[in-house]
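> next comes the sequence, and after it the predicted model I'd like to discuss.
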Amino acid sequence: MAQTKRFARGRVLVVAFEGWNDAGEAATNAVRMVRDALPLTTVLEIDPELYMDYQFNRPTIGVDDHGVKRLTWPGATMWGPAKRGRTRGVVPEVSEPEERIDRDNISVLLGTEPSRSWRAFVAEIIDAALVADVEGIVTLGAMLADVPHTRPISTFASSEDAEVRTDLELERSNYEGPVGILSVISDAAARVGIPTVSIWASVPHYVHNAPSPKATLALIEKLEAVLDVAVPRGDLEDEAEAWETGIDALANEDEDMAAYIEQLEKARDTVDSPEASGEAIAREFERYLRRGEGPGRGEQPPPWRPGD
């Protein structure tokens, strides 16, 4: 099978992780939308006891659909296409989405970036991908960047596979330095012959504490182009508009913040098509990783304050 068909119509695993790779929860929310638009069944649940530091990624408690309080532990789960009919006498419990993606060969992996034993953690994922005959992996990430919320969210798609880059008209990242779990998964996948595509979105770093539906929307749009699918949007477009309007309201009440945003807007508008330039966002990606300012790394002071 040609490399391009692995992404255009082949069996693909779409991946996102909470933590350093997920500014504004943009990547994980995008993958949740893909998961919720497909009839999937659980194929892998990684034991969090082996990989998580619960003082860093604590379990959460909430009320389920039956009114019972339950703990949710950080971990990672992979869902695959539901098999029709019976398997060893068991029918998988799969709910059919009201609106759905028009293909049945997409798997999804969502999790929390582990605290330890990354190689063993990734080995479990790659083994499950091989068992599921996955032919390509798409990882989604989001980074904090010096970008204005009033402009289109930049996305950067890259691949280390030369044929995939040619077929999908992608670029190769020249970044060298610290990486997150997504890069480790991509490296391990390449070693067993599974090509990967990496998609990143820029999130304005002055609103990094809030979910960013506008960045989620940008990731969805780029993923649609790579996979040749249409992902049901639900209320996402309205949420993205409300997100931008809400930040506008905050800026109107803070002259320093408004001035800082205007500065970012001018920089964005005077650069040669940064929203279309892979080099521009690649440079921002490199700056982000070198600073080590991923989500969960501690609070940052508002960037528009004097002296920052």
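On my side now, so go ahead.

> alpha carbons only for contacts and neighbour counts from here, please
Noted.

> which parts of this protein are helices?
For the chain, helices defined by DSSP state H occupy the ranges 3-8, 26-36, 118-131, 162-168, 181-191, 213-227, 236-252, 255-270, 278-291.

> which stretch among these is buried most, on average?
Across the helices of the chain, averaging neighbours per residue (mean count of other C-alpha atoms under 10 Å) puts helix 26-36 on top, at a mean of 24.

> mind giving me the packing neighbours of that helix?
strand 12-18, strand 106-112, strand 136-145, helix 213-227 (3 or more C-alpha pairs under 8 Å, 6 or more residues apart in numbering; DSSP states H and E).

> dump the ones you listed into CSV; add mean pLDDT and distance to N174 as well.
Supplementary listing: these in CSV, determined by pLDDT from 0 to 100; distance: least, C-alpha to C-alpha, whole Å:
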stretch, mean pLDDT, distance to N174
strand 12-18, 97, 22
strand 106-112, 96, 26
strand 136-145, 94, 17
helix 213-227, 96, 20
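
> next, format these as TSV and append distance to F56.
Below are the helices and strands packed on helix 26-36 laid out as TSV (distance: least, C-alpha to C-alpha, whole Å):
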stretch	distance to F56
strand 12-18	12
strand 106-112	11
strand 136-145	20
helix 213-227	25
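
> go through the ones you listed and name the closest to S198.
Minimum separation from S198 across the helices and strands packed on helix 26-36 (C-alpha to C-alpha) falls at strand 136-145, 4.9 Å.

> what angle sits between the closest one and helix 118-131?
Inter-element angle recorded for strand 136-145 and helix 118-131: 140 degrees (by axes from the mean of the first three to the mean of the last three C-alpha atoms, to 10 degrees).

> just the CA coordinates for strand 136-145, please, in PDB.
Written as PDB, here are the backbone C-alpha positions of strand 136-145 (Å, rounded to 0.1, in the frame of the first residue of the first chain):
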ATOM      1  CA  GLY A 136      -0.100   5.400  10.200                       C
ATOM      2  CA  ILE A 137      -0.100   7.500  13.300                       C
ATOM      3  CA  VAL A 138      -1.200  11.200  13.600                       C
ATOM      4  CA  THR A 139      -0.200  12.900  16.800                       C
ATOM      5  CA  LEU A 140      -1.800  16.200  17.900                       C
ATOM      6  CA  GLY A 141      -0.200  18.800  20.100                       C
ATOM      7  CA  ALA A 142      -0.600  22.400  21.200                       C
ATOM      8  CA  MET A 143       2.000  24.800  22.400                       C
ATOM      9  CA  LEU A 144       2.100  28.200  24.000                       C
ATOM     10  CA  ALA A 145       3.200  30.900  21.700                       C
END
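
> angle of that strand against helix 26-36?
Going by the same axes, to 10 degrees, strand 136-145 is angled at 140 degrees with respect to helix 26-36.

> run the chain-centre distance for strand 136-145.
4 Å (C-alpha atoms, centre = their mean, to the nearest Å).
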